[in-house]
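# The following comprises the amino acid sequence and a computationally predicted model.
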2 protein chains.
Amino acid sequence: MAMDVVIREVGLRDGLQSLPTVVTTDRKRTWIREAVGAGVREIEVGSFVPAKLLPQMADTGDVLGFAKTLPGLFASVLVPNLRGAEAALASSADLMILPLSASHAHNLANLRKTPDDVVAELGRIRAARDASGRKTLIEGGVGTAFGCTLQGRVEPAEVLRLMQALLDAGADRVSLADTTGYADPAAVSRLFEQVMKLAGDRFWCGHFHDTRGLALANVLAALQVGVRRFDASLAGIGGCPHAPGASGNVATEDLAFMLQAMGCETGIDLDALLGLRARVASWLVGEPTHGALWRAGLPKGFASAVPAA
Amino acid sequence: MAMDVVIREVGLRDGLQSLPTVVTTDRKRTWIREAVGAGVREIEVGSFVPAKLLPQMADTGDVLGFAKTLPGLFASVLVPNLRGAEAALASSADLMILPLSASHAHNLANLRKTPDDVVAELGRIRAARDASGRKTLIEGGVGTAFGCTLQGRVEPAEVLRLMQALLDAGADRVSLADTTGYADPAAVSRLFEQVMKLAGDRFWCGHFHDTRGLALANVLAALQVGVRRFDASLAGIGGCPHAPGASGNVATEDLAFMLQAMGCETGIDLDALLGLRARVASWLVGEPTHGALWRAGLPKGFASAVPAA
């Protein structure tokens, strides 16, 4: 399994957006700087949403501006609509992610739009990007790809239909997210195999929440069908507003440990990452954090960083 | 992945033995009865060790006697030596497990014997079993199969040598345990593939601790090379005396959920198992418990029990 695997840190967006604690812009800068120092090469730094909806994300423009000063960092942001995309273009984000829920019920509840309305918005974002002359890539992210609490199961055929529609509307990249911990390794194998076939090298990223403890097993299943980029959140922050204490995204440090133990190259120095995890956790006193490696430490004799081949 | 997979509950032994709380014999009986009610068919009920060493296990004879009254339950016990095996034979255990550490340093520290001394003891246990006329099966369990805190990495060749020696000495079954959270899915694939080749249908059980969060991913890797029986501990109890708060065995309820979500048949009713988990956790106030499913609950529309095919 010697191969390069990219971990995209999403704690600053998917993690922080659901926590009541507002982390200061200075601390976000520290987080990004130290993550890059630990070898992280892609970070989702925030979300261009109205500040009154998500005060935690109000400084996304500043944070993105800082991220753009760091050589070698690929900085992405979430945008819920064309207005957010215009902000991302103005700030020269490397990539912007437009999320869509494959669950119609979830999409309506969260965005007050149908999934196909979001597809149409992606088309408008593509036109705006092309007109702007910016190089910002557009990622269409299909969430609740395995089901959600509102709707229950989501049909794989609907996931594939929406992913094709996003590509047709002009997405440069597409991703698949188990936002709710509804996936299992067998379902991941089946759906990701089809998705990889459909999107080819435009398939970008797998995103697994650890709601029911299966995130790393699901990553393994996706890795086995060829996925090479995963979202993760330092200390597993994120959770779900409907399940107090529930785990959020797969923890970056545990994912990096698993991949490096398997011989995959992530470029990450685990000791440095664990140091950063401790610092971030110290900013989030009273918030649930997750993951296992920070408690147990690395196995005796385990190399903190895999040297480049 | 429609296949039968057996979960052997080991919380009453591997879980309880490391906790300061002594669970009463009555409560152990309740645990076993309700586990069987929830569809669990194999339970390691205790350990025949001197009561002054492990007071939590002092009632193993009584608990095993109770387990033997439950139709359809296959009851096993841990035995550290011939004396323990004689107790297991006297109580007509269905199976007794003699543990051995592939790490010489760990074996010496825990048992004050070399691994080959344990192999020799297994030979004596086999002779005693054969002379007794009992049907109690003998399982040789190779622990710290991927490494340990004392020694670091353990060589796969040494694991295979010891497993062959256990079989040669008369073990009816052999098992492999990552007692310390040193395994990763790639290492599991490699080692279990060799072990399955070596032991054939005498290979019995995979045992994974969740020390660094990889237990379920490691189970998946073992499942993919043909392992069909796994140890697990309700609420993930067990831990490690050297790492306060660290996870113990993979949590039974999370393992059963993963397997059933994948379409494997475990015979377990997850709602009943979660009810039992809550009861057991209520006996262990102040002790760390683990797992994710108990917090999040089953996905909407998920069948608690897979009907027999």
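In hand now; what should we look at?
# So, low pLDDT: which residues of the stretch 1-150 of chain A?
A:1 (pLDDT under 70).
# can you list the residues of it near chain B?
By the rule CB under 8 Å from any CB of the partner chain, the part of the stretch 1-150 of chain A lying against chain B is A:Met1, A:Gly147, A:Cys148, A:Thr149, A:Leu150. Backbone N, C-alpha and C define where each C-beta goes, glycine included.
# List only buried entries from those residues.
A:Gly147, A:Cys148, A:Thr149, A:Leu150 (16 or more other CB atoms under 10 Å in any protein chain shown).
# out of these, what pair is the most spread apart?
Within those, A:Gly147 and A:Leu150 form the most distant pair, 9.5 Å apart (CB to CB).
# shared neighbours, these two?
Common neighbours of A:Gly147 and A:Leu150, counting by CB atoms under 8 Å, 6 or more residues apart in numbering or on different chains, are A:Ser103, B:Lys300.
# what does stretch A:103-122 rub up against?
Residues contacting stretch A:103-122 (CB under 8 Å, 6+ apart): A:80-82, A:98-102, A:138, A:140, A:143-144, A:147-148, A:150-151, A:154, A:162, A:165-166, A:169-171.
# Can you add secondary structure and distance to A:Gly291 and give the residues of the stretch 1-150 of chain A next to chain B back as CSV?
As requested, the residues of the stretch 1-150 of chain A next to chain B are exported to CSV (DSSP: H, G, I helix; E, B strand; the rest coil; distance: CB to CB, whole Å):
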residue, secondary structure, distance to A:Gly291
A:Met1, coil, 22
A:Gly147, strand, 24
A:Cys148, strand, 24
A:Thr149, coil, 24
A:Leu150, coil, 28
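# could those residues be laid out in a markdown table, adding distance to A:Thr25?
As requested, the residues of the stretch 1-150 of chain A next to chain B are arranged in a markdown table below (distance: CB to CB, whole Å):
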| residue | distance to A:Thr25 |
| --- | --- |
| A:Met1 | 39 |
| A:Gly147 | 36 |
| A:Cys148 | 32 |
| A:Thr149 | 33 |
| A:Leu150 | 34 |
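# out of the residues you listed, who's nearest B:Asp269?
Of all those, B:Asp269 sits closest to A:Gly147, with 20.9 Å by CB to CB.
# show me what contacts that closest one?
Taking CB under 8 Å, 6+ apart as the criterion, A:Gly147 is in contact with A:Ser103, A:Arg153, A:Val154, A:Thr180, A:Tyr182, B:Pro299, B:Lys300, B:Gly301.
# Go ahead and confirm the fourth one touches A:Phe146.
Yes: the pair formed by A:Thr180 and A:Phe146 meets the contact definition of CB atoms under 8 Å, at 7.5 Å.
# which residues are common contacts for those two?
In contact with both A:Thr180 and A:Phe146: no residue, using CB under 8 Å, 6+ apart.
# Okay, strands next: where are they in the stretch 151-300 of chain A?
Secondary structure of the stretch 151-300 of chain A by DSSP state E, counting those that start in this stretch: the strands cover A:152-153, A:173-178, A:203-208, A:229-232.
# got these as CSV, with distance to chain B, mean pLDDT and mean neighbour count columns?
Supplementary listing: those in CSV, determined by distance: least, CB to the nearest CB, whole Å; pLDDT from 0 to 100; neighbours: other CB atoms under 10 Å in any protein chain shown:
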stretch, distance to chain B, mean pLDDT, mean neighbour count
strand A:152-153, 4, 91, 14
strand A:173-178, 11, 98, 26
strand A:203-208, 11, 97, 26
strand A:229-232, 12, 98, 26
